[in-house]
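# coordinates only, sequence not included:
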């Protein structure tokens with residue numbers, strides 16, 4: 001055994017590549033801290049445990065395959081790097097979070113870069129560590145289970161400082177699910193065919209920016225969190241909501257673009273003191289829906305374009321969505337700008353008492369064509385004081401904000 005360890009240490013020290021027929025766990029165990037293990041193309045058997053700071057570097061044709069139990073690779077020391085591996089064959093237990101790659105609480109500063117993870121229950125589980133970097137990976141989850149029974153592409157639990165950027169995540173349950181964490185950054189990822197693209201629960205002081213969500217059930221969901229920045233994301237064809245704030249406070253939603261067919265572009269539920277600025281909400285069932293007592297939110301500079309219902313908000317009081325003389329752009333508002341300052345001359349009121357009645361009693365839609373309903377609508381437009389309250393915009397914009405879709409892809413399945 002001593003001769004075997006000495007030979008393995010010689011291979012590592014000499015920087016020799018390891019062939020696919022080489023048993024990999026003894027090589028890892030014999031490696032000195034800081035060693036770089038470069039794998040030749042081939043199939044390597046997992047599961048593997050990295051319990052010291054080593055770099056495991058693969059490339060084209062390097063496969064690491066688990067045996068259908070537990071996680072395939074477990075990183076259990078600081079400053080580990082895992083790069084360029086094709087990882088398959090995790091177990092199927094949600095209780096133990098079986099994953100392609102698991103980072104334990106000891107994996108501080110780990111880097112997981114440029115790997116292909118396919119068919120594992122969870123793609124990457126970042127569990128209790130700090131300052132991990134998950135970048136440039138392709139993560140494809142399972143398709144055989146019902147969506148809610150699948151694992152997440154990246155699961156972040158109590159992992160402050162974790163950065164997840166530039167990954168392509170498809171299938172599985174949620175693209176990134178973060179729970180009970182803080183100071184995380186999720187940036188520049190693409191999400192397809194998932195339940196939620198990004199799902200926050202009890203995660204504070206964090207950022208989700210520059211991501212692309214295509215054809216998921218819901219794009220970007222921030223729940224039970226505060227001080228979260230949702231910036232410059234794009235949601236294309238997500239089914240239910242593009243952006244959702246649920247029990248989310250003191251956060252910022254800026255520069256996002258939601259388009260094409262969601263039931264609600266923006267859904268705000270019992271969320272307070274948030275800044276919602278310079279977004280574009282286009283071609284949804286409802287452009288912006290505020291409910292459950294959401295109050296003291298700043299809503300300005302947004303473009304609300306071509307939605308079947310531009311705003312859904314029930315109140316007996318007026319809520320002005322203009323701040324310091326700057327409101328929002330409304331595609332259905334025919335307005336003039338006589339002084340040419342970019343602000344419309346009139347006030348926009350998106351909803352009247354008929355709208356509110358229809359939300360509460362959908363069956364009343366059958367009466368929309370009746371002369372009595374048309375008379376009420378005309379009276380409210382001619383005499384705004386008759387309108388029962390709700391959203392108004394005293395300084396509507398004449399031009400909408402323009403936001404580009406990332407080159408990465410803007411069509412379903414692209």
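Alright, I've got the coordinates. It should be emphasised that the depicted structure is a prediction, and the values quoted were computed from it without experimental measurement.
# number of nearby residues for the closest residue to residue 325 other than its chain neighbours?
Excluding the flanking residues, the one nearest residue 325 by CB to CB, 6 or more residues apart in numbering is residue 395, at 5.2 Å. Placement of C-beta: from N, CA and C, glycine included. Applying other CB atoms under 10 Å, we find 22 residues neighbouring residue 395.
# Looking at residue 395 now. What's its pLDDT?
pLDDT, residue 395: 96.
# model confidence over the helix or strand hosting residue 82, on average?
Residue 82 is part of strand 81-83, with elements assigned from DSSP states H and E. The predicted model gives strand 81-83 an average pLDDT of 98.
# Run the chain-centre distance for that strand.
How far strand 81-83 lies from its chain's middle: 24 Å, per CA atoms, centre = their mean, to the nearest Å.
# just stretch 219-238 next, same as before
6 Å.
# Which of the residues in that stretch are classified as buried?
Using 16 or more other CB atoms under 10 Å as the burial criterion, the residues of stretch 219-238 that qualify are 219-223, 225-238.
# Now do the domain split for this protein, please.
17-145+152-167, 188-352+388-414 (automatic domain parsing).
# how distant is the last one from the center of its chain?
Mean-position distance between domain 188-352+388-414 and its chain equals 15 Å (CA atoms, centre = their mean).
# what do you get for the first one?
Its chain's C-alpha centre and that of domain 17-145+152-167 lie 22 Å apart, by CA atoms, centre = their mean.
# Show me what the strand holding residue 82 is packed against.
Applying 3 or more CB pairs under 8 Å, 6 or more residues apart in numbering; DSSP states H and E, we find strand 81-83 packed against strand 55-57, strand 111-113.
# Return the list of strands paired to it, each annotated with direction.
strand 55-57 (parallel), strand 111-113 (parallel) (DSSP bridges).
# could you redo those as CSV and give each row distance to residue 64 and mean pLDDT?
Shown next, in CSV, are the strands paired with strand 81-83 (distance: least, CB to CB, whole Å; pLDDT from 0 to 100):
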stretch, distance to residue 64, mean pLDDT
strand 55-57, 9, 98
strand 111-113, 13, 98
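# Now that we have those, can you turn them into CSV and tack on mean neighbour count?
Converted to CSV, these look like this (neighbours: other CB atoms under 10 Å):
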stretch, mean neighbour count
strand 55-57, 21
strand 111-113, 22
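# coming back round to it: mean pLDDT for the domains of the chain: which is lowest?
Note on those: lowest mean pLDDT is at domain 188-352+388-414, with a mean of 92.
# list the contacts for the residue lying closest to residue 347 once chain neighbours are set aside?
Spatially, and ignoring its direct neighbours in sequence, residue 347 is nearest to residue 394 (5.0 Å; CB to CB, 6+ apart). By CB atoms under 8 Å, 6 or more residues apart in numbering, residue 394 lies in contact with 320, 322, 327, 347.
# mind checking how far residue 394 is from residue 122?
49 Å (CB to CB, to the nearest Å).
# Could you do residue 40 as well?
Residue 40 is 28 Å from residue 122, by CB to CB.
# Who has more neighbours out of the two?
For residue 40 versus residue 122, neighbours defined as other CB under 10 Å are more numerous around residue 122 (31 against 16).
# what comes up buried for stretch 273-282?
Neighbour-count burial for stretch 273-282 [16+ other CB under 10 Å]: 274-282.
# Take those and write them to a markdown table, including secondary structure.
Converted to a markdown table, the buried residues of stretch 273-282 look like this (DSSP: H, G, I helix; E, B strand; the rest coil):
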| residue | secondary structure |
| --- | --- |
| 274 | coil |
| 275 | strand |
| 276 | strand |
| 277 | strand |
| 278 | coil |
| 279 | coil |
| 280 | strand |
| 281 | strand |
| 282 | strand |
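# mind putting the residues you listed in CSV, distance to residue 99 included?
Output for the buried residues of stretch 273-282, formatted as CSV (distance: CB to CB, whole Å):
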residue, distance to residue 99
274, 33
275, 36
276, 35
277, 37
278, 37
279, 34
280, 36
281, 36
282, 37
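# out of the residues you listed, which one sits closest to residue 156?
Of all those, residue 156 sits closest to residue 274, with 22.3 Å by CB to CB.
# Tell me which residues touch that closest one, please.
Listed by CB under 8 Å, 6+ apart, the contact set of residue 274 reads 245, 248-253, 268, 297-298.
# now residue 230
Residue 230 touches 208-209, 220, 222, 243, 251-254, 256, counting by CB under 8 Å, 6+ apart.
# Swap in 10 Å and give it another go.
Residue 230 makes contact with 198, 200, 206-209, 211, 219-220, 222, 243-245, 248, 251-256, 274, 276, 279 under the criterion CB atoms under 10 Å, 6 or more residues apart in numbering.
# go on, residue 114?
Applying CB under 10 Å, 6+ apart to residue 114 gives the contacts 57-59, 82-85, 135-138, 166-167.
# I'd like to know which of these are buried.
Among the contacts of residue 114, the ones that count as buried by 16+ other CB under 10 Å are 57-58, 82-85, 135-138, 166-167.
# can you count the residues close to residue 335?
Other residues within reach of residue 335, judged by other CB under 10 Å, total 14.
# and the residue positioned nearest the centre of the chain, what are its bridge partners?
Most central residue of the chain, judged by C-alpha distance to the mean C-alpha position with CA atoms, centre = their mean, is residue 198 at 2.5 Å. Residue 198 has the following beta-bridge partners by DSSP bridges: residue 176, residue 220.
# That one and residue 253, how far apart?
13 Å.
# Report the set of residues contacting both of the two.
Counting by CB under 10 Å, 6+ apart, the shared contacts of residue 198 and residue 253 are 220, 222, 230, 233, 243.
# May I see the residues you listed organised as JSON lines, with secondary structure added?
Output for the shared contacts of residue 198 and residue 253, formatted as JSON lines (three-state DSSP):
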{"residue": "220", "secondary structure": "strand"}
{"residue": "222", "secondary structure": "strand"}
{"residue": "230", "secondary structure": "strand"}
{"residue": "233", "secondary structure": "coil"}
{"residue": "243", "secondary structure": "strand"}
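# Just name the closest of the residues you listed to residue 129, please.
residue 222 (22.7 Å).
# Contact partners for the closest one?
Contacts of residue 222 by CB under 10 Å, 6+ apart are 178, 198-201, 203, 206, 208, 228-230, 243-248, 251, 253, 271, 274.
# Reformat the strands paired with strand 81-83 as CSV; add distance to residue 302.
As requested, those are exported to CSV (distance: least, CB to CB, whole Å):
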stretch, distance to residue 302
strand 55-57, 46
strand 111-113, 36
